[in-house]
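> Attaching a predicted model along with its sequence, questions to come.
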Amino acid sequence: MMRSMTRTGEPIGRRDVLVAAVFSLLGVLLMATNATDPELGGSWLALPVFLAATLPVLWRRAAPLEATAATLLALLVHIALFGIMTRCGVVFPLVWVLGFAAGARLQRGPALAALALGLASITAMTLFDQQIGPSDLLVFAPVTAIVWGVGRLARSRGRMAAQLQSHTEALRTARDERARLEVAADRGRLSGELDELLQRRLGELATMADAGAADTQQASATATLVDIETESRRTLEQMRAIVGLLREGDGDAPVAPQPTLIHLEALVVRAKGADARLTVAGSPRVLPAGVELSAYRVVEHLLQALDDAPGVDVGVRFSDDALELTVSGPARRRSDGSSAIERARERVALHRGTLEAHFERGRARAVAQLPVHAGA
């Protein structure tokens, strides 16, 4: 349990190796200076022993408390073996690096223990260092505590950032789920309309068939059969359009968030090239997810009715109670464009909106209005 509290589980990285190498190099240079100082008469054996104090910084992120304790132990051994000499130039920055790492990565209890060990190292330096004295503890101890406190502040901000990211992900998931539910509601309403259409059309066909059966004249019966065939084909076309809408999103549909109005510019450029133009008027705002999805699909269908040529204009106007979509540009053949417009009309009908389309002199222009509250 205690080990899990004092070890972060972070691996030793290149940056840790670099930091340890820098401190070890500084320690070698410092001990070499002590060994060559005639006043100290230092020993070259102090050099490898001092490395035992700098190498634990390798574990400053993986195990800050253990690294701080190992550094303190190595310093005490060094002091016991070689007495007073200059060490503070390396030990102080080393303790501050370890203190920051402990404050930033450990829970409160282990972090406080690491701070106490760091202060013990600072105290040992003020008592057994050639360059400083006990009075300097009043300066270096608060600095050590401040560095440790900065580490605690960094830990707190990191946790806040992680919580904000988690909340953002939760909100994004909730938004996507709401969009899926609204689309599912649209599909459910469309299924009801399909059932109503079938009942109404079948009733009309049955009435026409009864009238034809009662008519004894061959010409009238033939005309009735022609009418039945025409109405049957019309019914099949309407059913095919509605079923096509119901099948959208099935099979291998992407699981990414449904497109919204902010994706319109990318849609226009992807469908008709960089020459296509998108304009927005009114007071742009976030609309119900179902309305935004339908608006995107309506524009997508209407763009399919246009030829791949310059001069495509898409307009979006936000009013108080409706969203108006205008798509104009070079028209495709009437037969190709009409099917795309009918798909857009079915989508608009889901929200009790309107769509007007005109073909004139090789250009097509369609204006769709979606009530803002119809999909809410």
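Right, received. Where do you want to start?

> and Ala69, how far is that from Trp59?
Ala69 sits 11 Å away from Trp59, taking C-beta to C-beta, to the nearest Å as the criterion. (Each C-beta comes from the backbone N, C-alpha and C, glycine too.)

> where along the stretch 151-300 of the chain do the strands fall?
Ranges of strands in the stretch 151-300 of the chain, per DSSP state E, counting those that start in this stretch, are 277-282.

> Which residues are in contact with Gly89?
Leu26, Leu30, Gln131 (C-beta atoms under 8 Å, 6 or more residues apart in numbering).

> after the helix or strand it falls within comes which helix or strand?
Assigned by DSSP states H and E, Gly89 belongs to helix 88-105. Counting by DSSP H and E, the next helix or strand C-terminal to helix 88-105 is helix 108-128.

> where exactly do the helices run in the chain?
2-6, 14-36, 46-54, 64-82, 88-105, 108-128, 137-214, 218-247, 264-272, 289-304, 334-350 (DSSP state H).

> per-stretch mean pLDDT over these, give me the minimum one.
When these are ranked by mean pLDDT, helix 2-6 comes last with a mean of 54.

> re the thing from before, going through the contacts of Gly89, which ones are buried?
Leu30 (16 or more other C-beta atoms under 10 Å).

> Format the contacts of Gly89 as CSV; extra columns: distance to Gly329.
What follows is the contacts of Gly89, written out as CSV (distance: C-beta to C-beta, whole Å):
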residue, distance to Gly329
Leu26, 70
Leu30, 76
Gln131, 81
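
> nearest to Ala276, of the contacts of Gly89?
When the contacts of Gly89 are ranked by distance to Ala276 (C-beta to C-beta), Leu26 comes first, at 62.8 Å.

> And for the closest one, nearest residue in space, chain neighbours not counted?
Val90 (4.9 Å; C-beta to C-beta, 6 or more residues apart in numbering).

> surely that neighbour meets Val22?
No - contact criterion C-beta atoms under 8 Å: Val90 and Val22 do not qualify, at 9.9 Å.

> Quick one: closest of the helices of the chain to Val327.
helix 289-304 (3.9 Å).

> who does that closest one touch, helix- and strand-wise?
helix 137-214, helix 264-272, strand 313-318, strand 322-330, helix 334-350, strand 363-371 (3 or more C-beta pairs under 8 Å, 6 or more residues apart in numbering; DSSP states H and E).

> quick one, it and helix 264-272 angle?
20 degrees (axes from the mean of the first three to the mean of the last three C-alpha atoms, to 10 degrees).

> Could I get the CA-only coordinates of helix 289-304 as CSV?
The C-alpha coordinates for helix 289-304 follow below in CSV (Å, rounded to 0.1, in the frame of the first residue of the first chain):
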residue,chain,number,x,y,z
ALA,A,289,-29.2,18.6,-32.8
GLY,A,290,-31.9,17.0,-34.9
VAL,A,291,-32.5,20.3,-36.7
GLU,A,292,-28.8,20.9,-37.4
LEU,A,293,-28.3,17.3,-38.7
SER,A,294,-31.3,17.7,-41.0
ALA,A,295,-30.1,21.1,-42.2
TYR,A,296,-26.7,19.5,-43.1
ARG,A,297,-28.4,16.6,-44.9
VAL,A,298,-30.7,19.0,-46.8
VAL,A,299,-27.8,21.0,-48.1
GLU,A,300,-26.0,17.8,-48.9
HIS,A,301,-28.9,16.6,-51.0
LEU,A,302,-29.4,20.0,-52.8
LEU,A,303,-25.7,20.1,-53.7
GLN,A,304,-26.2,16.8,-55.5
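
> of the contacts of Gly89, closest to Asp307?
Nearest to Asp307 among the contacts of Gly89 is Leu26, at 72.4 Å by C-beta to C-beta.

> ok so, going back, which of the residues in the helix holding Gly89 are buried?
So helix 88-105, judged by 16+ other C-beta under 10 Å, has buried residues 88-92, 94-105.

> With stretch 150-162 instead?
For stretch 150-162, a neighbour-count test (16+ other C-beta under 10 Å) marks Gly151, Arg152, Arg155 as buried.

> Mind putting these into a markdown table with distance to Ile79?
Below are the buried residues of stretch 150-162 laid out as a markdown table (distance: C-beta to C-beta, whole Å):
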| residue | distance to Ile79 |
| --- | --- |
| Gly151 | 26 |
| Arg152 | 29 |
| Arg155 | 32 |
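
> and of the residues you listed, the nearest to Pro259?
Arg155 (39.4 Å).

> Skipping adjacent residues, who's closest to the closest one in space?
Ala104 (4.7 Å).

> contacting residues for the one you found?
The contact partners of Ala104, taken as C-beta under 8 Å, 6+ apart, are Gly151, Arg152, Ala154, Arg155, Gly158.

> does the first one really touch Phe100, like I thought?
Think Gly151. Yes - Gly151 lies in contact with Phe100 (C-beta under 8 Å); the separation is 4.1 Å.

> To Val312, which of the helices of the chain lies closest?
The minimum distance between Val312 and the helices of the chain falls on helix 264-272, with 4.4 Å, by C-beta to C-beta.

> Next, the buried residues of that closest one.
Leu264, Leu267, Val268, Ala271, Lys272.

> now what about it, what contacts it?
Contacts of helix 264-272 (C-beta under 8 Å, 6+ apart): 259, 276-278, 295-296, 299-300, 303-304, 306, 308, 312, 314, 316, 329.

> Could you point out which of those residues is nearest to Leu164?
Proximity of the contacts of helix 264-272 to Leu164, judged by C-beta to C-beta, is greatest for Pro259, which lies at 25.7 Å.
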